[in-house]
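>>> prediction below, plus the sequence it came from.
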Amino acid sequence: MTAKAHYVRPLDLKQGRVDMSHGAGGRAMQQLIGELFVRHLGNEALAQGNDGAVLTGLTIGRDEVAVPSAARDAAQRHPFGERLVMATDSHVVSPLFFPGGDIGALAVHGTVNDVAMMGARPLSLSAAFIIEEGFPLADLERIVLSMARAAQEAGVAIVTGDTKVVERGKGDGVFITTTGIGLLPVGRDVGGARARPGDVILLSGSIGDHGMAIMSARAHLAFDAPIVSDTAPLSGLTEALFASGGEIHVLRDPTRGGLAATLNEIAAQSGVGLLLDEQAIPVKPEVAAACELLGLEPLHVANEGKLVCICAAPDANRLLAAMQAHPLGREAARIGEVIADEHRFVQMQTAFGGRRIVDWLAGDQLPRIC
Amino acid sequence: MKYIDEFRDGKLARQLTAKIAAATSPGRAYAFMEFCGGHTHAIARYGLASLLPANLRLVHGPGCPVCVLPIGRVDMAIELVLDRNVTLCTYGDTLRIPASHGSSLLKAKARGGDVRMVYAVSDALAIARAAPEREVVFFAIGFETTTPPTAVAIVQAAREGLRNFSVLCCHVLTPPAIAAILDAPAAPLDGFIGPAHVSTVIGSAAYDLYAARYRKPVVIAGFEPLDILQAILMLVEQVNDGRAEIENEYTRAVTPGGNRKAQALVAEVFELRERFEWRGLGSIPASAVQIRAEYAAFDAERRFDLAYQAVADHKACECGDILRGVKRPQDCRIFATVCTPEHPIGACMVSAEGACAAHYAYGRILENTQ
């Protein structure tokens, strides 16, 4: 028996309203992006369908594009023909301050990571603030200081910005949007559509830390071992991976929707199946316990400092070693492989011994996680 | 995780599945219904179906409170939110239940309705205390497990003299639903895996009638995968021996008499409803509770003079037959095509504990690999 063709009801653009599921990172959001944003804004770069875009036709090192001096410096350090990558990310996390980070650090990491997942070296960011009337300046300074530290750590400069204030009650504290550009060196070609049967799936560390840190902060859950967000800039780790010389096909950071959503996106984009080994997927005991308590599945919980790397099988060990040698990849593991599957299922061999499908999560598990 | 991992041990699972395989007679088929959504979810999550012999089938029953809530009841909740301007508090999964005219509480929220997701009824009480000018209604769903906390909240509200808190009571009862499944013609069931948490409240003796009247074995089981495998083995042995007994695998939590204190609380606040409509199973006599006249002030149905209007399910939906075990999810024409977790048409697709949603999320791999 073959799987039935998936019928997707089109968006109701006359009567419909945006609901929380449209921002949850699952299928509803994919549909909104596809049937509204891509449909009306469509172009070659947008059609790449990744978390950032390679600006096709723009090549650094020639006179036809004006680039910031930082980019020009970088271009001079690297061979002719690098391409520009651009990514953007809005941050609406609640609470603004949480164990392991805050909205400022998250806003820098989010965009730096989106650029890094394109295989590019992040260069510069912009930051736009929407601030609610009455927001304490002390909190705002705390957030900006945190952004400065995060930018310095990631080796990027915040070179431009925007400030808007809305009336009390029309926002919730502060929302931050960052946009980043980076340089994609010659010879790097990664993207969600490049996974091939036989490839190996690597994961840089434990899953669910960020989502459960936010969740426990919100629910005022106190655990013996407090859960700390993993928010971190991943560009150093990706550079270490490229430096190892291994053949990388896909890089993705599993944020909203968790590892399950990211792997399903890759399976769909590449037209392949993925087979995971549950026992190999690292989950911290305190995160597993909190998920158990709240009835959540770690595979669906957000991360902000982890990456999935899908690579050519012969290079898997080399890339895994490079990950484990980096401070952000010490717990890295080989978690599965890419298989041929016309249904594009993500499957998992459970630790219990059975086999099952790992699907997207329907609906919103946790709004405003990032 | 201590006290949990012991019940998820893969090695013990292999021993148990080998015992089950050895115990089943190849000449006959076994069909057991797990009544409870918690079991359905665990069976799917650990891939248990893939570990069982081909002639042993698990039928997913109606024990998912979200799934069996009829459209008309959700319509009442939406009416409260949009037409009566109340603050409606409810558990997360309830937001997505499809109601009339393509609506849902999630969509009512997007249209400006004040719908709050809570983790416990005590959160709803806190919201009512904090906003005395608002009418706060708790949309109470669930089986015997969630009924006692609702009773506690009503007694508490009465004691405090809260004037703005009421409950839209949709609590239902397990034993009458099991009877309705067995009374229907063509139910091909050899026995039941009895509910875990429900049985801690009502006790194992509550099922005595079914063993006696219907000659079907019931084994009460915990929600961990080893509990379920052990219960399946006990059911196979009962069938082979021609026994129809109530056995208790979940002795670490379930006693014959159940939780007397919880039962007394429920009896103080609630009384039997004459009949209640179950989505998929139809109207079943004495299968739900309503708030007693002494607590009428806290009964949202009386307070807002709400009338229940039955609404027919979608014509193509086969949830009724699926819930009785007559059909499997994949036998339904609209399964995984028109009816998906994002756009559920029928009851069984709504919550992760529903038969169709569980099969969609975890089980499709079996039908596609066999």
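Right, received. Where do you want to start?

>>> and residue 326, how many neighbours?
Chain wasn't specified; assuming chain A. A total of 17 residues lie near A:H326 under the criterion other Cβ atoms under 10 Å in any protein chain shown. Bear in mind the C-beta positions are built from the backbone N, C-alpha and C, glycine included.

>>> try again with chain B
By other Cβ under 10 Å, the residues close to B:V326 number 18.

>>> and the residue of the stretch 51-200 of chain A that's closest to chain B?
A:S94 (13.6 Å; Cβ to the nearest Cβ).

>>> what's the nearest residue to that residue if we skip its chain neighbours?
A:R368 (4.5 Å; Cβ to Cβ, 6 or more residues apart in numbering or on different chains).

>>> surely that neighbour touches A:S90?
No: with contacts counted by Cβ atoms under 8 Å, A:R368 stays clear of A:S90, the gap being 10.9 Å.

>>> where along the stretch 201-350 of chain A do the helices fall?
Secondary structure of the stretch 201-350 of chain A by DSSP state H, counting those that start in this stretch: the helices cover A:209-218, A:235-243, A:258-270, A:285-294, A:316-325.

>>> what's residue 279 in contact with, if anything?
In the absence of a named chain, this looks at chain A. Contact partners of A:Q279, counting by Cβ atoms under 8 Å, 6 or more residues apart in numbering or on different chains, are A:349, A:351.

>>> sorry, should have said chain B
Taking Cβ under 8 Å, 6+ apart as the definition, contacts of B:R279 comprise B:67-71, B:313, B:319, B:346-347.

>>> taking the residues you listed one by one, which sit in helices?
B:67-68, B:71, B:319 (DSSP state H).

>>> may I see those residues organised as JSON lines, with neighbour count and pLDDT added?
Shown next, in JSON lines, are the ones in helices among the contacts of B:R279 (neighbours: other Cβ atoms under 10 Å in any protein chain shown; pLDDT from 0 to 100):
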{"residue": "B:C67", "neighbour count": "30", "pLDDT": "85"}
{"residue": "B:V68", "neighbour count": "30", "pLDDT": "89"}
{"residue": "B:I71", "neighbour count": "22", "pLDDT": "91"}
{"residue": "B:C319", "neighbour count": "29", "pLDDT": "86"}
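
>>> nearest to A:N50, of these?
B:C67 (37.2 Å; Cβ to Cβ).

>>> if we can go back for a sec, could you export the ones in helices among the contacts of B:R279 as TSV, including distance to chain A?
Below are the ones in helices among the contacts of B:R279 laid out as TSV (distance: Cβ to the nearest Cβ, whole Å):
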residue	distance to chain A
B:C67	14
B:V68	18
B:I71	18
B:C319	17
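
>>> output the residues you listed in JSON lines, with distance to A:M29 appended to each entry.
As requested, the ones in helices among the contacts of B:R279 are exported to JSON lines (distance: Cβ to Cβ, whole Å):
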{"residue": "B:C67", "distance to A:M29": "25"}
{"residue": "B:V68", "distance to A:M29": "29"}
{"residue": "B:I71", "distance to A:M29": "27"}
{"residue": "B:C319", "distance to A:M29": "28"}
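
>>> quick check, nearest of the residues you listed to B:L281?
The shortest approach to B:L281 among the ones in helices among the contacts of B:R279 belongs to B:V68, at 6.9 Å (Cβ to Cβ).

>>> and that closest one, what does it touch?
Neighbouring residues of B:V68 by Cβ under 8 Å, 6+ apart: B:62, B:172, B:177, B:278-281, B:323, B:347.

>>> now do the strands in chain B.
For chain B, the strands defined by DSSP state E cover B:30-36, B:56-63, B:87-90, B:114-117, B:136-142, B:165-171, B:191-194, B:218-220, B:246-248, B:270-272, B:275-278, B:282-285, B:289-291.

>>> out of those strands, nearest to chain A?
Using Cβ to the nearest Cβ, these put strand B:114-117 closest to chain A, at 9.0 Å.

>>> any part of the closest one near chain A?
No: contact of strand B:114-117 with chain A (Cβ under 8 Å from any Cβ of the partner chain) is absent, the minimum separation being 9.0 Å.

>>> would you point out which residue of chain B is nearest chain A?
At 2.2 Å from chain A, B:G47 is the closest residue in chain B, using Cβ to the nearest Cβ.

>>> can you check which of the helices of the stretch 201-350 of chain A gets nearest to B:F32?
Minimum separation from B:F32 across those (Cβ to Cβ) falls at helix A:285-294, 26.1 Å.

>>> now for that closest one, which elements pack on it?
Secondary-structure packing of helix A:285-294 (3 or more Cβ pairs under 8 Å, 6 or more residues apart in numbering or on different chains; DSSP states H and E): helix A:209-218.

>>> who are the packing partners of the helix it packs on?
With contacts taken as 3+ Cβ pairs under 8 Å, 6+ apart, helix A:209-218 sits against strand A:97-98, helix A:285-294.

>>> among these, show the one with the smallest mean pLDDT.
Ranked by mean pLDDT, the helices and strands packed on helix A:209-218 end with helix A:285-294 at the bottom, a mean of 89.

>>> no further queries at this time; thank you.
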